[in-house]
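J.: build me a model:
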Amino acid sequence: MPTSTLATTLLTIAMIGAFALVFGGIALIQRAERLKGTLMIGVALVLVGNVLIWTA
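T.: I've put the predicted structure just below:
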């Protein structure tokens with residue numbers, strides 16, 4: 001579990017980035033850029049997985 005303020009801040013930024021990637025990926029999929037949108041959502045899943053590992 002992260003105890004320092006820097007670690008908490010970095011994990012927060014990572015989660016905000018993951019949400020932005022998901023929303024951006026959905027927007028790209030709706031604009032018929034399916035490959036790029038799917039890749040963005042995949043990156044978001046990996047980022048969330050990393051945050052889960054770091055906080056365990």
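
J.: okay, CA-based contacts and neighbour counts for the rest of this
T.: Will do.

J.: for this structure, give me the ranges with low pLDDT.
T.: Applying pLDDT under 70 to the predicted model, the residue ranges of the chain that meet it are 1-2.

J.: helix or strand for the most centrally placed residue in it, just tell me which one.
T.: The C-alpha lying nearest the average C-alpha coordinate of the chain belongs to Ala18 (Cα atoms, centre = their mean; 1.8 Å). If you go by DSSP states H and E, Ala18 is part of helix 5-30.

J.: measure Phe19 to Thr3 for me?
T.: 23 Å (Cα to Cα, to the nearest Å).

J.: who's more crowded, those two?
T.: Remark: of Phe19 and Thr3, Phe19 carries more neighbours, 17 against 8, as counted by other Cα atoms under 10 Å.

J.: ok, that one touching Ala44?
T.: Yes: Phe19 sits in contact with Ala44 when judged by Cα atoms under 8 Å, with a separation of 7.2 Å.

J.: residues shared between the contacts of those two?
T.: None of the residues lies in contact with both Phe19 and Ala44 under the rule Cα atoms under 8 Å, 6 or more residues apart in numbering.

J.: what about the nearest residue to Ala27 once chain neighbours are set aside, how many neighbours?
T.: Taking Cα to Cα, 6 or more residues apart in numbering, and ignoring the residues beside it in sequence, Ala27 has Gly37 as its nearest neighbour in space, at 7.4 Å. One way to gauge burial is a neighbour count; for Gly37, by other Cα under 10 Å, it gives 22.

J.: what sits against Gly37?
T.: Contacts of Gly37 (Cα under 8 Å, 6+ apart): Gly24, Gly25, Ile26, Ala27, Leu28, Ile29.

J.: can you redo the residues you listed as CSV with neighbour count and distance to Ala14?
T.: Listed next are those as CSV, based on neighbours: other Cα atoms under 10 Å; distance: Cα to Cα, whole Å:
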residue, neighbour count, distance to Ala14
Gly24, 17, 15
Gly25, 24, 16
Ile26, 18, 18
Ala27, 14, 20
Leu28, 17, 21
Ile29, 16, 22
